[in-house]
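1. following is a predicted model, sequence given first.
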2 protein chains.
Amino acid sequence: MRSRRPPLALASLPLPGWVGAWLARHASGPVRGDAARMAIAIGLARQNTLRGSGGPFGAAIFERRTGRLVAAGVNRVTASGQSFAHAEMLAIALAQRAHGGFDLSRPAHELVTSSEPCAMCFGAIPWSGVARVVCGARAADAEAIGFDEGPKPRGWVAALEARGIEVARDVCRSDAVAVLRDYRDAGHPIYNAGD
Amino acid sequence: MRSRRPPLALASLPLPGWVGAWLARHASGPVRGDAARMAIAIGLARQNTLRGSGGPFGAAIFERRTGRLVAAGVNRVTASGQSFAHAEMLAIALAQRAHGGFDLSRPAHELVTSSEPCAMCFGAIPWSGVARVVCGARAADAEAIGFDEGPKPRGWVAALEARGIEVARDVCRSDAVAVLRDYRDAGHPIYNAGD
């Protein structure tokens, strides 16, 4: 697997094979309201756990006004061998692919994530142009099952709001936490670099 | 360009076409010492500016002990339409591709970047397993030409060091700053989402 020459392209990074059909079943029409949008993110996290395709995290990007699902992501770190492959990063990148450019500010989009963003995903949010972030489980909930949330500023919500990005927390939190606990109880890996 | 169906894979993301030949000329053998490694990162940033292939930022990952260049990255945000496509993110992702897995902690690797990491790249560093980060220009230098470094914690160096990641700053800083100024003086775009 080790190449002696520096690779010159990131490989294509697919979502798990089940995602397309699952989205067609659950988000083919407009999805309205925080709870319904969060149910998609949590459903992706749950399926990713049940099917063993990655960590217990799901995210989705919606057009804010219409409720159209633009893109979805699930955690694919171990499957892809890429540490950036968090659910939020993939959802943002795929939304930008669908949008045809990196700036998701027009029309307004929102990121809905089953767990609060880690330090990397937090830092990625302003660069995407999303207008709003909706979170299920708290960072402390992910940490409680052994995941590391990284060196995120304590005032991360205020830091996003200062940039005009709204943040909603604790949306369907107990459902989101149930997925995290199921993942741990099933004995799935908690992967952190250097362990 | 707008797709109505959520895309199910990130597209392959290539570095600019000139990178392979440039690396073969400048980093085919071991690269020893911070200044020589930084010269590669700054050279990538400079070439990316001169050739108009992206923002004035370059990065490289080296095996710490041997000085082997494992992977390189340049800023490709506008070219790829992906806001995560910062030089450091691509260098890390490509190093993980070369390494055959996401954990760059064994053997020890280091990230050398022409400018201090933004909030996203800072948050990505612990997930990669790199043992050390070497920085050229300061965040303030990039901000001075209009780039936004994002909501990075004020104590970001200490936060990395607390995780066992060494940080070296101001390595060939004036050379790195010269690339930033050349970029601005050439009238190249300062892209920030929502502008």
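-> Arrived safely.
2. the longest helix anywhere in chain A close to chain B?
-> In chain A, taking DSSP state H as the definition, the longest helix is helix A:34-50. No: under the criterion of CB under 8 Å from any CB of the partner chain, helix A:34-50 makes no contact with chain B; the nearest approach is 10.6 Å. No exception for glycine: its C-beta is placed from N, CA and C like everyone else's.
3. in a helix, residue A:184, correct?
-> Yes: according to DSSP: H, G, I helix; E, B strand; the rest coil, the state of residue A:184 is that of a helix.
4. please work out the average pLDDT along the longest helix of chain A.
-> For helix A:34-50, mean pLDDT rounds to 98.
5. give me the mean pLDDT for the helix or strand following it.
-> Downstream of helix A:34-50, the next assigned helix or strand under DSSP states H and E is strand A:58-63. Per-residue pLDDT over strand A:58-63 has a mean of 98.
6. give the pairing partners of the helix or strand just after strand A:58-63; include direction for each.
-> Counting by DSSP H and E, the next helix or strand C-terminal to strand A:58-63 is strand A:69-74. In the sheet, strand A:69-74 lines up against strand A:58-63 (antiparallel) (DSSP bridges).
7. ok and the partner strand relative to helix A:34-50, angle-wise?
-> 150 degrees (axes from the mean of the first three to the mean of the last three CA atoms, to 10 degrees).
8. mind listing what's buried along the longest helix of chain A?
-> Neighbour-count burial for helix A:34-50 flags A:34, A:36-49 (criterion: 16 or more other CB atoms under 10 Å in any protein chain shown).
9. output the below-cut-off pLDDT ranges for chain A.
-> Scanning chain A for pLDDT under 70 picks out A:1-3, A:193-195.
10. the same query, at a cut-off of 90, please.
-> Flagging of chain A using pLDDT under 90 yields the residue ranges A:1-4, A:188-195.
11. where do the helices of it begin and end?
-> A:19-26, A:34-50, A:77-80, A:87-99, A:119-128, A:139-144, A:156-162, A:173-185.
12. as a markdown table, the ones you listed with distance to residue B:14 would be great.
-> Formatted as a markdown table, the helices of chain A follow (distance: least, CB to CB, whole Å):
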| stretch | distance to residue B:14 |
| --- | --- |
| helix A:19-26 | 25 |
| helix A:34-50 | 28 |
| helix A:77-80 | 17 |
| helix A:87-99 | 15 |
| helix A:119-128 | 20 |
| helix A:139-144 | 34 |
| helix A:156-162 | 32 |
| helix A:173-185 | 35 |
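13. to residue A:4, which of the ones you listed lies closest?
-> Residue A:4 lies closest, by CB to CB, to one member of the helices of chain A: helix A:77-80, at 21.7 Å.
14. returning to what we had before: of all the helices of chain A, which one is nearest residue B:116?
-> Once the helices of chain A are compared by CB to CB, helix A:119-128 is nearest, at 12.8 Å.
15. helices and strands around the longest helix of chain A, which ones?
-> helix A:19-26, strand A:58-63, strand A:69-74, helix A:87-99, strand A:109-115, strand A:132-137, helix A:173-185 (3 or more CB pairs under 8 Å, 6 or more residues apart in numbering or on different chains; DSSP states H and E).
16. nearest to residue B:13, of these?
-> helix A:87-99 (9.1 Å).
17. show me what the closest one packs onto, helices and strands only.
-> helix A:34-50, strand A:58-63, strand A:69-74, strand A:109-115, helix A:119-128, strand B:9-10.
18. contact partners for residue A:124?
-> Contacts for residue A:124 (CB atoms under 8 Å, 6 or more residues apart in numbering or on different chains) come out as A:88, A:89, A:92, A:117, B:83, B:84, B:120, B:123.
19. ignore the last one, residue A:182
-> A:46, A:49, A:56 are the contacts of residue A:182 under CB under 8 Å, 6+ apart.
20. coming back round to it: can I get the helices and strands packed on helix A:87-99 in CSV with distance to residue B:65?
-> CSV is the format used below for those (distance: least, CB to CB, whole Å):
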stretch, distance to residue B:65
helix A:34-50, 37
strand A:58-63, 38
strand A:69-74, 36
strand A:109-115, 37
helix A:119-128, 27
strand B:9-10, 32
